[in-house]
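**Student:** sequence and predicted structure are below.
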Amino acid sequence: MTPVGTIREILGHKGPATWTISPDATVFDAIQLMADKNIGALLVTQNDKLVGIISERDYTRKVTLKGRSSKDTLVREILSGRVIHVTPEHTVDECLRLMTEHRVRHLPVLDGGKVAGVISIGDLVNWIISAQSSTIHQLQTYITGCPTPSS
């Protein structure tokens, strides 16, 4: 089974809300924002341009395990600068492949070079589950011969 749908569709349901932070902010501020918003990563932007991404994984590996202080370390010092990103036209299947291949859990979505949103592995899994539930419902309706609500 190939997951169906585009990132544009997912953003249409999820909304384009994206949390960002400056590369000049402290890692403490980034972790605090992630905790407040219950998210696992932040896009790092400067002058409305994506310059990187910082995740809980970056914090754990590049601050905690190195014995650094999150209040004395700037986001720019630990951000992942080589950002794998997608466009709204990418498919769910393509995004799943990219996430697996590059071992990332978040993909910034750029539309014409501007940030249009962010997609997490959880967003993709929820989309697939929803699509499967819809297919199951349609098949059950077909098998039992009951008219669909739209009929």
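**Tutor:** Received, thanks.
**Student:** bridging residues for V86?
**Tutor:** The bridge-partner assignment for V86, based on DSSP bridges, gives V109.
**Student:** can you give me the distance of the nearest residue to K114 once chain neighbours are set aside to G67?
**Tutor:** By the measure of C-beta to C-beta, 6 or more residues apart in numbering, the closest residue to K114 outside its immediate chain neighbours is D48, 7.3 Å from it. Heads up, the C-betas are built off the backbone N, CA and C, glycines and all. Remark: distance between D48 and G67 (C-beta to C-beta, to the nearest Å) = 35 Å.
**Student:** between the two, which has more neighbouring residues?
**Tutor:** When D48 and G67 are compared for neighbours, D48 comes out ahead with 9 against 6, by other C-beta atoms under 10 Å.
**Student:** the more buried one against S22, yeah?
**Tutor:** No. Using C-beta atoms under 8 Å, D48 and S22 do not qualify as a contacting pair, with a distance of 11.3 Å.
**Student:** what secondary structure does the closest residue to A17 other than its chain neighbours sit in?
**Tutor:** Closest residue to A17 apart from its sequence neighbours, by C-beta to C-beta, 6+ apart: G117 at 7.6 Å. Classification of G117 into helix, strand or coil gives strand, according to DSSP: H, G, I helix; E, B strand; the rest coil.
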